[in-house]
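Visitor: need coordinates for the below:
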Amino acid sequence: MKKIFLLCLSMMLSMGAFAQETSAGEQRAKIEKAKKERVAKEKKAKAKKEAEVAKEKKEATAKKEAAKAKATKEKTDARAKIADKKAKETKEAADKLKADKAKADKAKATAKAKAAKAKENSASATGTAKSAAGKAKATGNKAEATANKTEAKSKVKKKTPAEIKEDMKETPASRAAEKKVADKATGMYNGKKVYTGPRGGRYYINKNGNKTYISDDK
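Guide: Residues are numbered from 1 along each chain as shown. Take a look at the predicted model:
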């Protein structure tokens, strides 16, 4: 009986110990599971936070790059705008200079044409005036020559052959006078040079060194 009691007690203690061990194992399993879940949760939270930080950093970097690109574009556009404005102003200045030069050349050509026309008209008027003056002068000279010839004829004195021969003798006085004659010799009369004066009168130098006029038929 005692043995049976001890055996039962032993079995009860064993079962209690087993039950305790089972309960402890379950408790440890629960703790391990909770720990794993907590670690996993922490890792997930950490990964999420890191992902958020990375995303925020990426967005900040992208935003910064976009702002930088925008600033660079605005700066480039501003430079291009300034360059375009400068090129436009340069072109406008060149066009204005070209137009002014063309205008000046046209004005110069017009002035030159007018001057040439005026010169031509002046030359024509001068030519007409000179022609008229020349004709008038020729008419006057002709009338004067006629008058001079008439006067020269009136100066011619009728001489006898002996007087003419005596008058035409060559003397020192006649030779000296002939050297001083400025009129052109236009012929000969009885061996003496005949000169024609500016008014058309014909004469020779006599023995006394004076002019003796002769008629045109001599």
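Visitor: any weak-confidence spans in the protein?
Guide: 16-19, 125, 140-159, 217-218 (pLDDT under 70).
Visitor: show me the strands in it, by range?
Guide: 184-189, 192-196, 202-205, 211-213 (DSSP state E).
Visitor: quick one, which of these is nearest to residue 36?
Guide: Across the strands of the chain, residue 36 has its closest neighbour in strand 184-189 (153.7 Å, C-beta to C-beta). Quick note: C-beta positions are derived from backbone N, CA and C, even for glycine.
Visitor: who does the closest one pair up with?
Guide: strand 192-196 (antiparallel) (DSSP bridges).
Visitor: check which residues of the partner strand are buried.
Guide: Buried residues in strand 192-196, counted by 16 or more other C-beta atoms under 10 Å: 192, 194, 195.
Visitor: confirm for me that the second one is in contact with residue 183.
Guide: No. In terms of C-beta atoms under 8 Å, residue 194 does not count as a neighbour of residue 183; the distance is 9.9 Å.
Visitor: between the buried residues of strand 192-196, which is closest to residue 168?
Guide: Checking these one by one against residue 168 (C-beta to C-beta), the nearest turns out to be residue 192, at 5.3 Å.
Visitor: would you map the helices across the protein?
Guide: Secondary structure of the chain (DSSP state H): helices at 2-155, 161-167, 172-180.
Visitor: in CSV, list those helices along with distance to residue 211 and mean neighbour count.
Guide: Shown next, in CSV, are the helices of the chain (distance: least, C-beta to C-beta, whole Å; neighbours: other C-beta atoms under 10 Å):
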stretch, distance to residue 211, mean neighbour count
helix 2-155, 9, 10
helix 161-167, 11, 12
helix 172-180, 8, 13
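Visitor: can you list these in TSV and add distance to residue 216?
Guide: Converted to TSV, the helices of the chain look like this (distance: least, C-beta to C-beta, whole Å):
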stretch	distance to residue 216
helix 2-155	7
helix 161-167	17
helix 172-180	21
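Visitor: looking at the ones you listed, which is nearest to residue 215?
Guide: Proximity to residue 215, assessed across those by C-beta to C-beta, is greatest for helix 2-155 (5.8 Å).
Visitor: what sits against the residue nearest to residue 171 when sequence neighbours are not counted?
Guide: Distances taken as C-beta to C-beta, 6 or more residues apart in numbering put residue 207 closest to residue 171, at 4.6 Å, once the chain neighbours are dropped. Residues near residue 207 by C-beta atoms under 8 Å, 6 or more residues apart in numbering: 166, 167, 168, 169, 170, 171, 173, 174.
Visitor: identify the farthest-apart pair in those residues.
Guide: So, these by C-beta to C-beta: farthest apart are 166 and 173, at 13.8 Å.
Visitor: hmm, back to that, between the contacts of residue 207, which is nearest residue 88?
Guide: residue 174 (98.2 Å).
Visitor: surely that closest one is in contact with residue 193?
Guide: No. The criterion here is C-beta under 8 Å, and residue 174 misses it with residue 193 at 10.3 Å.
Visitor: any common contacting residues for these two?
Guide: Common neighbours of residue 174 and residue 193 (C-beta under 8 Å, 6+ apart) are residue 205.
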